[in-house]
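A.B. asks: Here is a sequence together with a model predicted from it:
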Amino acid sequence: MSHPSRPALRILHVHERAGFYGGVEQILYDTARGLTARGWPQGLLHTDPEPQADYLAAFARSGNGDDLIAAFAPDILFLHKVEDPARVADLARRYPTVRMVHDHDLVCLRRHKYFPLSGRVCDRPAGSACYLNLCCVQRATPGSALPITLKGLGGVKAAIRAHRGVRRLMVGSRWMERELVMNGLDPDRVVIVPPIPASLAEARAVPLSEEPEVLYVGQVIRGKGVDLLLKALAGVPGDWHATVIGTGNHLDTCRALAGDLKIAERVTFAGWVPHQALEPYYARAAVCAVPSRWPEPFGMVGVEGMARGRPVVAFAVGGIPDWLADGVTGTLAPEADTAAMGTAIAALLGNRERAADLGLAGLARVRAQFQPARYLDRLTHILRDAA
């Protein structure tokens, strides 16, 4: 509940979508519900042509026109994904604003923050590296005469300039903080606030599975590295099995790769599974894998595995080292090192006592550091300060 001597703030979230589409929308929804429970009225200004009624239920007011701003009378605007730099600059000029930077779109020409040819993580600011590594070469829109087009840095530079007027920029990890600062944004305005979903309040250990099961949960797109996981698994000895939960435009490629690696019969591609139906999969898992190729802005799916008492094996990219303590809550493998990931998975499958210890340490870390109440405490402090 709000402190009696400090009035509640009226928060208007600004986001393009209004439905349960992905992690960004879930965090926004959970944040709005958490702040509402503390007595802070919540609104949503969106541009979604088909908003979902059950999603809008988290907000006292919602709409897709700027007249909502006057009608709701917010104390501060909370920006999430807003593509147009001119709109960001205009809103920041007229109202107190904060933004939660959920991904790399603000400062990366390709949005993925890894080089298209080598697949290696990019640790450079937007600039000459974008051209030297061919990040400027983009897929053309459907119907174009050519399959590719060239994209300059004008949009990225405009977005960075627009965000200089935003009072606070919230990021999920030290990696993201460094990324914004090296692109010229004021370090005094950048704050680390890992976005924690409401589901982590119920973190509890699931009895450790006796099965040699490896679990992946997430999108099956190139940046998430399912292909890297398959290559790692191909070198794991013993009678293991892996389940890949999720779908995406890299699914067919990964199915074919499993066949080429002669492990197709040991990998189940389960497709999309609702979040509330994941528990049986975690119950069967001995190890959770986060094989991301792109530098995760935070990597919540790994924390969700830890919340079930599962050890996590992941590549040390992006925000992952902020929550995965190597040798304490799981194992970090060097970026894209599939041999090292395979060795780490094999070690945990072969030592159940060690796996159980790491899993319980992970659960303890989630309970101590990654709880929704703690996230909301930090968030309300930042919003008050910015307003």
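C.D. replies: Arrived safely, thanks for sending.
A.B. asks: Relative to A232, how far out is P7?
C.D. replies: When C-beta to C-beta, to the nearest Å is applied, the distance between P7 and A232 equals 53 Å. From N, CA and C alone the C-beta is placed, and that goes for glycine too.
A.B. asks: The two: which has the busier surroundings?
C.D. replies: A232 (27 against 12; other C-beta atoms under 10 Å).
A.B. asks: For the more buried one, give me the pLDDT.
C.D. replies: Reported pLDDT at A232 in the predicted model: 98.
A.B. asks: residue boundaries of the helices in the stretch 51-200 of the chain?
C.D. replies: Counting by DSSP state H, counting those that start in this stretch, residue ranges of the helices within the stretch 51-200 of the chain are 53-56, 67-72, 85-94, 128-132, 154-162, 174-182.
A.B. asks: Which one of those lies nearest to P280?
C.D. replies: If you check each of those against P280 by C-beta to C-beta, helix 53-56 wins as the nearest, at 24.2 Å.
A.B. asks: Report the buried residues of the closest one.
C.D. replies: By neighbour count on 16 or more other C-beta atoms under 10 Å, the buried set for helix 53-56 is 55-56.
A.B. asks: and if you look at stretch 50-69?
C.D. replies: 51, 55-56, 58-59, 61-63, 68-69.
A.B. asks: In TSV, list the residues you listed along with pLDDT.
C.D. replies: Converted to TSV, the buried residues of stretch 50-69 look like this (pLDDT from 0 to 100):
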residue	pLDDT
P51	97
Y55	97
L56	98
A58	97
F59	98
R61	97
S62	97
G63	96
L68	97
I69	97
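A.B. asks: Packed most tightly, which of the helices of the stretch 51-200 of the chain would that be?
C.D. replies: helix 174-182 (a mean of 20; mean count of other C-beta atoms under 10 Å).
A.B. asks: That one - contacts with which helices or strands?
C.D. replies: Using 3 or more C-beta pairs under 8 Å, 6 or more residues apart in numbering; DSSP states H and E, the elements in contact with helix 174-182 are strand 168-171, strand 190-192.
A.B. asks: highest average neighbour count across those?
C.D. replies: Among the helices and strands packed on helix 174-182, highest average neighbours (mean count of other C-beta under 10 Å) belong to strand 168-171, with a mean of 24.
A.B. asks: got the residue ranges for the helices in the stretch 201-350 of the chain?
C.D. replies: Under the criterion DSSP H, counting those that start in this stretch, the stretch 201-350 of the chain contains helices at 226-233, 251-260, 279-284, 300-306, 338-349.
A.B. asks: Need these in a markdown table (columns: distance to R161).
C.D. replies: Conversion of the helices of the stretch 201-350 of the chain to a markdown table gives the following (distance: least, C-beta to C-beta, whole Å):
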| stretch | distance to R161 |
| --- | --- |
| helix 226-233 | 36 |
| helix 251-260 | 38 |
| helix 279-284 | 44 |
| helix 300-306 | 30 |
| helix 338-349 | 40 |
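A.B. asks: so what's the residue nearest to G235 when sequence neighbours are not counted up against?
C.D. replies: The shortest distance from G235 to any residue other than its chain neighbours is 4.0 Å, reached at G342 (C-beta to C-beta, 6 or more residues apart in numbering). Taking C-beta atoms under 8 Å, 6 or more residues apart in numbering as the definition of contact, the neighbours of G342 are 231-236.
A.B. asks: Pretty sure G299 sits against P321.
C.D. replies: No - taking contact to mean C-beta atoms under 8 Å, the distance of 9.4 Å between G299 and P321 leaves them out of contact.
A.B. asks: For the two, indicate the residue with more neighbours.
C.D. replies: Neighbours of G299 and P321, each counted by other C-beta under 10 Å, are more numerous for G299; the result is 27 against 17.
A.B. asks: ok, the more buried one - contacts?
C.D. replies: Neighbour list for G299: 290, 292, 314, 318-320, 323-324 [criterion: C-beta under 8 Å, 6+ apart].
A.B. asks: rerun at 7 Å
C.D. replies: Taking C-beta atoms under 7 Å, 6 or more residues apart in numbering, we find G299 in contact with 290, 292, 318-320, 323.
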